[in-house]
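In: Provided below are the primary sequence and the corresponding predicted coordinates.
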Amino acid sequence: MTSLLFPSLSPEAGEPNNEVIPSKEFKYQLKNQILSGIKNEREICYTHGLCK
């Protein structure tokens, strides 16, 4: 019975892992985009003197 259960569980256990890894990379990319956007906004503020 265990040999029949493991093949049925392994795809189910593998699918969430495959979904979690891209979501972490996606969140990491979003963080980088947000941080770079904040840096760009600060640079624009300094160059144009809008944030003083």
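Out: Perfect, thanks for sending it.
In: check what pLDDT residue 31 gets.
Out: Among the per-residue scores, residue 31 shows a pLDDT of 90.
In: that one in helix, strand or coil?
Out: Three-state assignment for residue 31 (DSSP: H, G, I helix; E, B strand; the rest coil): helix.
In: for the one 5 residues further on, same thing?
Out: Reduced to three states with three-state DSSP, the structure at residue 36 is helix.
In: how many neighbours does it have?
Out: If you count neighbours by other CB atoms under 10 Å, residue 36 ends up with 10. Placement of C-beta: from N, CA and C, glycine included.
In: swap in residue 44?
Out: 11.
In: and it, how far from residue 23?
Out: When distance is defined by CB to CB, to the nearest Å, residue 44 is 31 Å away from residue 23.
In: low-confidence stretches in this structure?
Out: Under the criterion pLDDT under 70, the flagged ranges of the chain are 1-22, 48, 50-52.
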